[in-house]
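[1] I need the structure of the sequence given here:
(chains A and B)
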Amino acid sequence: MLEVIWLIPAFPLAGFLLILLFGRRLGEPKSGYLASAMVFASFIVSVGAFFDLRSMDHHGRQHVETLFSWVPVSSLQIDMAFLADPLSILMCLFVTGVGFLIHVYAIGYMHGDPKFSKFFLYLNLFILSMTVLVLGENLLVTFLGWEGVGTCSYLLIAFWHDRESAATAGKKAFITNRIGDWGVLLAMFLAFEAIGTVSYSALNGAAVGGGLSEGTATAIAMLLFVGAVGKSAQLPLYIWLPDAMEGPTPVSALIHAATMVTAGVFLMTRVSPVLEVAADWGPEVIAWVGALTALFAASIAVAQNDIKKVLAYSTVSQLGYMFLAIGSGAYVAAIFHMVTHAFFKALLFLGAGSVIHGMHHRQDMREMGALRKLMPITSITFIIGWLAIAGVPPFAGFWSKDEILLFVLADSVPLYIIGIVTALLTAYYMTRQVIMVFFGEARWEDRSEENGAHGDFEPHESPLTMTIPLMVLAGLTIVGGFIQLPSFGWIPDRAEHQLEHWTEPVIGFAEAGIEGSWALDHQELLIAIAVASGLIGITLAWLVYQRKRIKAVEPEILEEAWRYDEAVSAFMGGPGRKSFEAVAWFDKNVIDGAVHGVARLVGGAGSEIRKGQTGNVRNYAGIVGVGVVLLLAWFVVGRGVL
Amino acid sequence: MIAMLLAAAVPTTTYYLVLGAVLFGIGATGLMVRRNPLIMFMCIELMLNAVNLTFVALAVRFGNIDGQTAVFFVMVVAAAEVVVGLGIIISILRRRPGATADDLAELKG
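    Below is the predicted model:
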């Protein structure tokens, strides 16, 4: 299957083209079936490629499939090439797998939408871009996918563009992402300047072989990190992700939780050897940005009332964990958390979508409650997702979060403390959400009078196309953690560290070693601390929101997300605007002045000189005569001829 | 006495050079002071032939054929120039009878 690796993006491309041409005629639900089938076909190819790689020699598990020469410009030779190695195939597996489930879910969720087929058009385009991003053999192919997913993100956030807020959120996401793209572009230029190519194998090879100076490696890594900060919604560029919740819920689940936002983590892992030879402050900055983002976003999630906003801030926070892991050199743990997070966060988002669907498009959790009995499948699967993200064993989130914290402690104690506090907050706000939505008293009945138009308003369970993906994802959330079990006495050797073994040919060079560290020797204690912090968070939230023993603390400043958005607006509107105006003034008066000045000088000189052009032949003859005399004089007097 | 005069009257190269310079001066002056295009054209021819004379005289003095060779080139160029120049002048005078060189200042900057 490795020779036909290009089929993975080709199937969604075919789906995209078919729906583009025949979307209106196919209509609902056929275009949804077509799109889902195309993604499923990609998934099958990914599975085939996975088994092909498995059958190869452990360290030779790599295959480059060059389609054509894309940019042949003298010394710049860039191929349209796909790289199949353990990392990219792993990404393909979960992008197409989770993508397929969400496609199926969207058939039910988008039922009745007038732009039904257009939605699947965009979704297929997204899967195409995302697979190009992860399969790219060089930075430029990855960048093609990188921009593609950004465009799809914009199109899908603003899908209901007749709503002012959705249109604005789309623009906000796009513009914020551009700042990150600038970093990726510069990194690409720098890589070309340093080694004359942008292919990953050459770049990583130069890093491993010492062909990359520390300064260059640091610059490339940090510029790529700027791109990752934009795409993966880290401080200070996270602001677009909470607003992106204006899009339809399947989009939030697929793009803004499971796949696209993890592209930054993927990119950093892809160039991990470069990061490894970078100066020490590089990874340190990444770790601190990740940790602070995790804590910051988790604190905001505590006081949100929109069911999707809680999950959005939670996503920002979990992505922070992944960058914390990358900064600590724990690339496997970051990838591990990325996969488990894709499972449980997609599950939570789709569950939230199911709730919104059942509640007739209401998203305020203060108007929910006691939905457990009315939506049994949604509530059970949502609870599984909640336990996973809260870090309760043996669900997926517990294993991956524990692995990250283990490496972080081996690296730095303050970062570990931030990680534990974040874990506690995560458990707290997720418990709050579960109680507010599924438990307690029903707060939606007393509002039914106002909604006369809806008739007999009663939440209902969603159709099968929506609940089946929920159940599959719930199953994956339960078993997802077993792909990377820690080394414990009672876990059989063969089951341990499967993911680390699988990805070792790709990121083995950069993986931090923690053999013999204090943290590794006290794993049981760390697990106890992590589980305890999760349980404390759950208990606290239970006491506050279920038993009402403690008064809920939801400070306004947290509800308003630390007024970060307002601060950005105020800054950009005040001093920012002034400085831009100053720059504009400088451009208009100094730079334009210089340009115009040169033009005026040349013009003036010209109009003076043209006066010598009298048109009088005898005049010219006289000047020629004078010239001859002067030349002769020069020859005779100056040069001494004769 | 007569023999001396005769000896002095035998033209040396210097005479030819002086004659060339005088002819060139007449031509150049005529070019600058006259306004009739046809006369100016003739002045140019005069200057060209003054140079030809100088070439030939110096070729004889130095015993070098190069000067005489150059004269043929000048003559060919002058012949071509006459064809083109006379054509232009005739067509100008047809359009604007009695025009002088000073009137023809359309390319004034």
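
[2] only C-alpha atoms for contact and neighbour calcs from this point on.
    Will do.

[3] and residue B:31, what is it in contact with?
    Counting by Cα atoms under 8 Å, 6 or more residues apart in numbering or on different chains, residue B:31 touches A:618, A:621, B:39-41, B:43-44.

[4] Would you agree it falls within a helix?
    Yes. Residue state for residue B:31 (DSSP: H, G, I helix; E, B strand; the rest coil) corresponds to a helix.

[5] Would you mind listing what in chain B touches chain A?
    Contact residues (Cα under 8 Å from any Cα of the partner chain) of chain B with chain A: B:31-33, B:101-102, B:104-109.

[6] Low-confidence bits of chain B, can you list those?
    The model of chain B has pLDDT under 70 over residues B:1, B:5-10, B:109.

[7] can you do 90?
    Residue ranges of chain B with pLDDT under 90: B:1-15, B:31-38, B:40-41, B:60-67, B:89-90, B:92-93, B:95-109.

[8] In it, spot the helix with the most residues.
    helix B:66-95 (DSSP state H).

[9] Summarise which helices and strands that helix is packed against.
    Contact here means 3 or more Cα pairs under 8 Å, 6 or more residues apart in numbering or on different chains; DSSP states H and E; on that basis helix B:66-95 packs against helix B:37-62.

[10] burial of residue B:103, as a residue count?
    Residues contacting residue B:103 under the criterion other Cα atoms under 10 Å in any protein chain shown number 13.

[11] list the contacts for it?
    No residues are in contact with residue B:103 under the rule Cα under 8 Å, 6+ apart.

[12] Is it in a helix, a strand, or coil?
    Once three-state DSSP is applied, residue B:103 turns out coil.

[13] In PDB, list the C-alpha atoms belonging to stretch B:49-66.
    Coordinates of the C-alpha atoms in stretch B:49-66 are reproduced here as PDB (Å, rounded to 0.1, in the frame of the first residue of the first chain):
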ATOM      1  CA  ASN B  49      37.300  65.800 -48.900                       C
ATOM      2  CA  ALA B  50      39.700  68.000 -46.900                       C
ATOM      3  CA  VAL B  51      40.200  65.000 -44.500                       C
ATOM      4  CA  ASN B  52      40.600  62.800 -47.600                       C
ATOM      5  CA  LEU B  53      43.400  65.000 -48.800                       C
ATOM      6  CA  THR B  54      45.100  64.900 -45.500                       C
ATOM      7  CA  PHE B  55      44.900  61.100 -45.400                       C
ATOM      8  CA  VAL B  56      46.500  60.800 -48.800                       C
ATOM      9  CA  ALA B  57      49.200  63.300 -48.100                       C
ATOM     10  CA  LEU B  58      50.200  61.600 -44.800                       C
ATOM     11  CA  ALA B  59      50.100  58.200 -46.500                       C
ATOM     12  CA  VAL B  60      52.600  59.400 -49.000                       C
ATOM     13  CA  ARG B  61      54.900  61.000 -46.400                       C
ATOM     14  CA  PHE B  62      55.000  57.900 -44.200                       C
ATOM     15  CA  GLY B  63      54.900  55.400 -47.100                       C
ATOM     16  CA  ASN B  64      51.900  53.700 -45.500                       C
ATOM     17  CA  ILE B  65      49.000  52.400 -47.600                       C
ATOM     18  CA  ASP B  66      46.500  52.600 -44.700                       C
END
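
[14] now what about that stretch, what contacts it?
    So stretch B:49-66 is contacted by B:13, B:16-17, B:19-21, B:23-24, B:67-68, B:70-71, B:74 (Cα under 8 Å, 6+ apart).

[15] what helix or strand is residue A:25 on?
    Element membership for residue A:25 (DSSP states H and E) is helix A:7-54.

[16] picking that back up, for the contacts of residue B:31, which one is nearest residue A:150?
    residue A:621 (70.9 Å; Cα to Cα).

[17] how about low-confidence regions in the stretch 101-250 of chain A?
    A:108-117, A:161-163, A:175-176, A:179-180, A:193-198, A:201-214, A:233, A:235-240, A:242-247.

[18] Show me which residues of it are close to chain B?
    Within the stretch 101-250 of chain A, no position is near chain B by Cα under 8 Å from any Cα.

[19] Residue A:77 and residue A:68 touch, don't they?
    No. At 11.0 Å, residue A:77 does not count as touching residue A:68 under the criterion of Cα atoms under 8 Å.

[20] out of those two, which sits in the busier spot?
    Under the criterion of other Cα under 10 Å, the comparison of residue A:77 against residue A:68 puts residue A:77 first, with 14 against 10.

[21] Ignoring the adjacent residues along the chain, who's closest to that one?
    Nearest residue to residue A:77, sequence neighbours excluded (Cα to Cα, 6 or more residues apart in numbering or on different chains): residue A:71, at 5.7 Å.

[22] contacts for whichever strand or helix holds the one you found?
    Assessed by DSSP H and E, residue A:71 sits inside strand A:63-73. The contact list for strand A:63-73, computed with Cα under 8 Å, 6+ apart, reads A:2-3, A:5-6, A:77-85, A:137.

[23] which one among the residues you listed gets closest to chain B?
    residue A:77 (52.5 Å; Cα to the nearest Cα).

[24] Please identify the helix or strand for residue A:630.
    Going by DSSP H and E, residue A:630 is part of helix A:617-633.

[25] pLDDT of that helix, averaged?
    Helix A:617-633 carries an average pLDDT of 87.

[26] between that helix and helix B:37-62, how big is the angle?
    20 degrees (axes from the mean of the first three to the mean of the last three Cα atoms, to 10 degrees).

[27] is chain B contacted by helix A:617-633?
    Yes. Under the criterion of Cα under 8 Å from any Cα, chain B is reached by helix A:617-633 at A:617-619, A:621-622.

[28] Tell me the one of the residues you listed nearest chain B?
    residue A:618 (5.1 Å).

[29] Would you agree the closest one is in contact with residue B:28?
    No. The criterion here is Cα under 8 Å, and residue A:618 misses it with residue B:28 at 10.2 Å.

[30] And the nearest residue in space to residue A:195 that is not next to it in sequence, its phi and psi?
    Closest residue to residue A:195 apart from its sequence neighbours, by Cα to Cα, 6+ apart: residue A:203 at 7.2 Å. Reported as degrees, to the nearest 10, the phi and psi values for residue A:203 are phi -60, psi -50.

[31] Residue A:317 is in contact with residue A:238, correct?
    No. Checked against Cα under 8 Å, the pair residue A:238 and residue A:317 is beyond contact range at 10.0 Å.
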